[in-house]
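*Asks:* only geometry, no sequence info:
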Ligand SMILES: C[S@@+](CC[C@H](N)C(=O)[O-])C[C@H]1O[C@@H](n2cnc3c(N)ncnc32)[C@H](O)[C@@H]1O
Ligand SMILES: [Zn+2]
């Protein structure tokens, strides 16, 4: 059964910066509690959004966390930072904001359409290279809403075009090939580029030793993708006279014809509120916790810095083939950080890296994790693939290393991806496999089994009246059974059902009836889903 965590909420600490496929913190926490003790050493060489690192130190474990993505390490540092004096940070932040020159602030000035005082707009909508409307929120008279741009607003843009940007900004930094423009700077309006480069200069001027520098840097990095042209117009909000800014939700850098130019200063201030909430929360959770947190931008294939047999527990979540292109998607952040990620080491399925290379690199990292783990201690690894061939290869690899099977569980991700919602048969859940390192594994000769046989006996054991399952639910069950059969019973599986499509064909071949049901999408629309009525299996023999 999947672990039910529907009652759990997002924690403030994971709202300070967007990161893909963050694991639900309460699940990571449960695993750390179950498989390790206070003062133990926990390792996660694919730390991503920082969840393992923070939950481990909050539970008084020591942690070693790596990622090849520089922004992931900055983010994890900020989440895990202890002893931040928030009162002093507030004073520091106020002074910092005062340093933004008036001529820079003026770039967002407009007149309140109600009281006619000069105010800063929140954002403005661009359509075919012209601004059409502005969203304003007046502190003076309380007026809020979308208003037409004026001649004066448009004239300001002409003046802005003449400004020469003196500060550093990522100039001519390549974006990934699937982007709508070639370079990072082309994702910004001239106005936003001027303001971002000014704030960035002010942050760079802060002393390296200053404890608040990383907080401001992370706030800046988050602002840097809230102020690109990929922010689409949310027409539903616009028609209700609300702030029309959408989010950068696509997994690529696109530039729609109509986009929202968010005010950099306004959104930078907004990040401040988020960081204060998060650090209030983490201060309470880390109070008096004195364990160590070692973080580094480093590849999981090379854990040389960690001694063999020294780690008490590994909790990790490697990239799932090519599902998310972490480094590509972090291009804007890493360019502003002026950091060059080690792209060659990225474990990914891409144009230049095929499936063999992906499996080979995952294999090297799994061997490294095995080496660093103490005998008798556990590794928990999260996976989620829509291809059973990849599952099979990874499971065989784990089986060959010298682990004993402990447990496999499926759980709902915090936030379903777009595909998980909209594709019939999108894989719905994540899987966590836990294994124990043993000093000598009894290697018996492997027996062979066809995947279709596993599925067939699974169905036979589920023939209960009224049971019907979605294709993806079948898929999850197959993965769990396949994991147990390979890792616990030492079978070699012949994959004759490759993915969700071939699974549907196989189920149909067995004479299992399809039922159409309706499900609500996250957009509020209903859509058809296919369910398989197991009770109606016509043939009793494997065809
Ligand atoms: C699935 S995410 C981890 C998400 C994380 N569990 C969380 O809860 O936020 C995988 C991470 O692996 C990183 N990565 C990819 N190749 C890597 C490598 N060779 N070494 C270390 N990290 C790598 C990516 O940058 C990404 O942050
Ligand atoms: Zn007003």
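*Replies:* Cool, the structure landed. Please read these numbers as outputs of a predicted model, since none were measured by experiment. Ligands and ions are numbered 1, 2, ... in the order given.
*Asks:* what sits up against the longest helix along the chain?
*Replies:* Across the chain, the longest stretch assigned as helix under DSSP state H is helix 264-286. Residues outside helix 264-286 that contact it (C-beta atoms under 8 Å, 6 or more residues apart in numbering) are 11-13, 15-16, 54, 57-58, 78-82, 84, 86, 89-90, 93, 97, 100, 105, 108, 120, 122-123, 192, 195-196, 199, 215, 218-220, 222-223, 226-227. Just so you know, the C-beta spots here come from the backbone N, C-alpha and C atoms, and that holds for glycine as well.
*Asks:* Inside strands: which ones of the residues you listed?
*Replies:* Here DSSP state E is the test, and those give 120, 123 as lying in strands.
*Asks:* Identify those among the contacts of helix 264-286 that sit within helices.
*Replies:* 54, 57-58, 78-80, 86, 89-90, 93, 97, 105, 192, 195-196, 199, 215, 218-220, 222-223, 226.
*Asks:* Can I have the buried ones of those as a PyMOL selection?
*Replies:* Buried members of these, identified by 16 or more other C-beta atoms under 10 Å, are gathered into one PyMOL selection as follows:
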select buried, resi 54+57+58+78+79+80+89+93+192+195+196+199+215+218+219+220+222+223+226
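*Asks:* Point out the residues in this structure that sit beside ligand 1.
*Replies:* With C-beta under 6 Å from any ligand atom as the criterion, the chain comes near ligand 1 at residues 19, 21-23, 45-46, 48-49, 51, 66-69, 72, 299-301, 317-319, 326, 345-347.
*Asks:* Show me which of the residues you listed are buried.
*Replies:* Looks like those have 19, 21-23, 45-46, 48-49, 51, 66-69, 72, 299-301, 317-319, 326, 345-347 buried, using 16+ other C-beta under 10 Å.
*Asks:* Pull out the buried residues from the longest helix of the chain.
*Replies:* For helix 264-286, using 16+ other C-beta under 10 Å, the buried residues are 264-268, 270-272, 274-276, 278-279, 281-282, 285-286.
*Asks:* which stretches of this structure have low pLDDT?
*Replies:* Within the chain, the stretches with pLDDT under 70 are 1-9, 413-428, 441-443, 463-465, 521-524, 536-543.
*Asks:* Okay, domains of it per the record?
*Replies:* For the chain, the domain assignment from automatic domain parsing gives the residue ranges 1-80+296-443, 86-278, 450-543.
*Asks:* Kindly reformat these as CSV containing distance to ligand 2.
*Replies:* Listed next are the domains of the chain as CSV, based on distance: least, C-beta to the ion, whole Å:
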stretch, distance to ligand 2
domain 1-80+296-443, 31
domain 86-278, 3
domain 450-543, 34
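*Asks:* highest average neighbour count across those?
*Replies:* Sort those by mean neighbour count, taking mean count of other C-beta atoms under 10 Å, and domain 1-80+296-443 sits at the top with a mean of 19.
*Asks:* Could you tell me which residues make contact with the residue lying closest to residue 108 once chain neighbours are set aside?
*Replies:* Excluding the flanking residues, the one nearest residue 108 by C-beta to C-beta, 6 or more residues apart in numbering is residue 120, at 4.3 Å. Shown in contact with residue 120 (C-beta under 8 Å, 6+ apart): 105, 108-110, 263, 265-266.
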